[in-house]
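Student: Make a model of this:
(chains A, B and C)
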Amino acid sequence: MPLMSLTGNYAVAHAVRLARVKVISAYPITPQTTIVEKLSAMVENGELDAKMVRVESEHSALATVFGAASAGARAFTATSSHGLLYMHEVVWWAAGSRIPLVMAVVTRAIGPPWNIHVDHQDIFDQRDTGWIIGIAQENQEVLDMTLQAFKLSEDPRVYLPVMVGLDGFILSHTRAPVDVPEQELVDEWLPPRRQPYVISPESNYVMGNIAPDEVHFLMRYSMHEAMEAAKTVIKEIDKEYGEVFGRSYGGLIECHNCDDADYIVVITGSWSGDAKVASDMLRENGYKVGVARIRYIRPWPKEELEELGSRAKGIIVFDRAISMGGYGPLYSDVAGTLYSNGGKTSLVGVIAGLAGVDVGAETFKETITSIIHKIEENGFFFEPRLWLLPKDYSSREKMLEVAKRWL
Amino acid sequence: MGQGPILQAPETFFIAPLSRPAPGSVGKTGSWRTSKPVVYEDKCTGCMLCWLYCPENTILKTSNGKVAIDYDYCKGCGICAAVCPFKAIDMVSEV
Amino acid sequence: MVINLRKLPDKKYIMPGNAACPGCPETMGLRYVKMALGDNVVLVIPAGCSSVIQGISPYSGINAPILNIVFAAAASAATGMKAAFETMGRDDVHVVVWAGDGGTGDIGFQALSGAAERDEDIIYICVDNEAYMNTGIQRSSLTPYGAWTTTTWKGKKEHKKNIPMILISHGVKYVATASVGYPTDFIEKLQRASKIKGFRYIHLLAPCPVGWRFDPALTAKVAQLAVETGLFPLYEYINGEFKLSPIAKRYKDPSKRRPIIEYLKLQGRYRHLLDKPEEIKKIEEYIENTWKLIETLEESFAPGKDRGKKIFDAL
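Tutor: Below is the predicted model of the structure:
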């Protein structure tokens, strides 16, 4: 299989090409834009036999691919940040219809102020919509996860749309070697499009008119059951993909140094790589730290985290998003999951890396070390919101000084 | 040129917001009426204007080329009587 | 083209027992859409009365496949459906948007403008009842001057936004106005539009007895009066040619028009201005200006003269 030097965005484009998508629609937004640029070129030069609809907004982009999917075409869109928020109601509408669909989300901070750098506020904002949401760590996984997303979404046990998250710039605009599968192999592995129904003159189906409240309730329940089934399907697809293409990632979470770990770092996205490096460094210092990288925030890897929680002394969650006045979203789900073991595990939620502020392996190492010390000193430590403010701005005096200059 | 998708039945509990066209999606709307259209066959020429304008599709074409009313569903708006050029339909109070 | 009423299909295109109010112009209009286009149609319906008219699932009172869609996205969802049918070799399927005046001229306007500019191969019908009727008669940009609504208690202060003219400016192939008062004219227009490839727009006036405050028996009559008073001219713009529809031609002559007061006094939404001659005069001026615009278009875009077409071709 050819090894290519690809940005994360180009890796997405190649996956879309390999999946033989028929209808693509998107609107430019940094850092997503190069996905549609590449796909436009692929369509124009005949590499990809698809219709490319260059719409006037993200709201229309998702509505267009949703319309196409409901009529029976494999369809794809991509967006980022404000574009994702702008299409938010269509995100719900598409999931509720149970029509398979795939979208790439290049994660980016939300304004104001304008900021094109990575955080996870945009993608976590979609958490409750009924989309399966995967977040990749590096470019190879971006390609693999996108390709798998089509099979997952179109599985009759699932029939839910799938979002593939990749971090803005860190992945989207950074080249890395990516093994791009051969088309023939993909054709053998990925079945033709399947879906539960189509809207067509022959089907005479109507989608979305008013339903009795009780039945609407059942629709939500059925989406949840599909999410539960997706846990199995994700693992199945991950395993068979490994057999065919030589790469498996471990299903809903990927564990690094977890087996004998006393402390588990829970994290998602590209900075998981830095957390893994930190865990290796900490092991050299005698701390048994593992990293559980969440690959899918929906469906939530409840069982895996319960198991890790049952044997770890402490869980440290890093969130690159914050529900202001509440907690980090990843933390909330972890806390909800760990309650099943009676609150015996120490638990800390760290808010860090917002608005693209870099968090390197050293910083991870320092933060994790100080948390471990607190746990070991007291035997137990619980802190739902530990703000890892940007270096040089973390004292109250410094913060007040900055605040003065900005007003 | 591609083909249509494979329609494959869901394999988990599945209920989607789907409908199919059918009469009575909110019940027998004839009960909404306060007055009902009555057709005078002797005056009806079968011009079909009432049939054309009826918003409910409750004007039925009869075998003798005239019209009858589907009272199960007619909401009694009175458009048929208003558009009839021959005064062949009267609205008669039902309350 | 003369349509024989007896030859129009007698299928239940509207299923009786739906949720429309008595005298609803939307169910009237939907019947004509399917009479004209047959069964090879899918409808895309954004939020509005027609989403509710369908009734309660698993049944629908509109006899057509429908993709219901969020308010702002009708033209885009239709774009996608058409694209999908094309990739499957199904060029024959008519994808038809059925959207209200709010879904067309306000919240859905961006998507509409985008689809028109891209010349998407869809038929877009704006069923114009001149306010947000489904939510309870609130003003839209297509509510006419002076009309009472529940957000303009003393009457709207601005004139109606002229969507068909805006669509003509997009350079689309087909734009027409129609009225539920003249079903065969509407059906003919749909049939002509169905033979053209590209973006087609039909603006259908749909008087709403509930929102306009008139007796539901008068829906057709009010829809005819709008044309007979000259307030709502019926016309067609096809590929650079503009022409008044046969029914509307006579109203070019102001003396042939019915006095506007006949139209206004039937509707409770105008009750507050019936004793204000200066307000009625404003509506009369609006009619005059509308016809001045029509005359200009007739002249510039007259069939055969190609002047208008040349203007657009040159752009």
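Student: Spell out the residue ranges of the helices in the chain.
Tutor: Let's take chain A. When assigned using DSSP state H, the helices of chain A occupy the ranges A:8-18, A:33-44, A:58-71, A:81-86, A:88-97, A:121-124, A:139-153, A:183-189, A:213-245, A:272-284, A:302-311, A:329-338, A:361-378, A:396-405.
Student: try again with chain B
Tutor: B:49-53, B:79-83.
Student: neighbours around the residue of chain B found nearest chain C, how many?
Tutor: Nearest residue of chain B to chain C, counting by CB to the nearest CB: B:Ser25, 2.6 Å away. C-betas here are computed from N, CA, C, even on glycine. When neighbours are defined as other CB atoms under 10 Å in any protein chain shown, B:Ser25 has 27 of them.
Student: isn't it right up against C:Ile56?
Tutor: Yes - B:Ser25 lies in contact with C:Ile56 (CB atoms under 8 Å); the separation is 5.7 Å.
Student: so where's chain B shaky on pLDDT?
Tutor: Across chain B, the stretches falling below the confidence threshold (pLDDT under 70) are B:1-2.
Student: ok so, going back, overlap in contacts, B:Ser25 and C:Ile56.
Tutor: Contact criterion CB atoms under 8 Å, 6 or more residues apart in numbering or on different chains; residues shared by B:Ser25 and C:Ile56: C:Ala19.
Student: Got the domain ranges for chain A?
Tutor: Domain segmentation of chain A under automatic domain parsing yields A:3-245, A:253-387.
Student: gap between the two ends of the last one?
Tutor: As for domain A:253-387, its first-to-last residue distance stands at 25 Å under the measure CA to CA, to the nearest Å.
Student: and what of the longest one?
Tutor: According to CA to CA, domain A:3-245 extends 13 Å from its N-terminal end residue to its C-terminal end residue.
Student: Where does the stretch 201-315 of chain C get nearest to chain A, residue-wise?
Tutor: Counting by CB to the nearest CB, the stretch 201-315 of chain C gets nearest chain A through C:Tyr201, at 16.5 Å.
Student: Using the three-state scheme, assign that residue.
Tutor: strand (DSSP: H, G, I helix; E, B strand; the rest coil).
Student: Just give me the neighbour total for it.
Tutor: 28.
Student: Please apply the same query to the one 10 residues further on.
Tutor: Each residue near C:Gly211 was counted by other CB under 10 Å, and the total is 26.
Student: That one is in contact with C:Asn129, isn't it?
Tutor: Yes - using CB under 8 Å, C:Gly211 makes contact with C:Asn129 at a distance of 6.1 Å.
Student: Please name the nearest non-neighbouring residue to B:Gly68.
Tutor: Careful, residue B:68 is Ala; it's not Gly. Counting by CB to CB, 6 or more residues apart in numbering or on different chains, B:Ala68 lies nearest to B:Leu60, which is 4.7 Å off, once chain neighbours are set aside.
Student: And that neighbour, how far from chain A?
Tutor: Spatial separation of B:Leu60 from chain A under the definition CB to the nearest CB, to the nearest Å is 23 Å.
Student: That residue: what's it in contact with?
Tutor: With contact taken as CB under 8 Å, 6+ apart, B:Leu60 is in contact with B:67-70.
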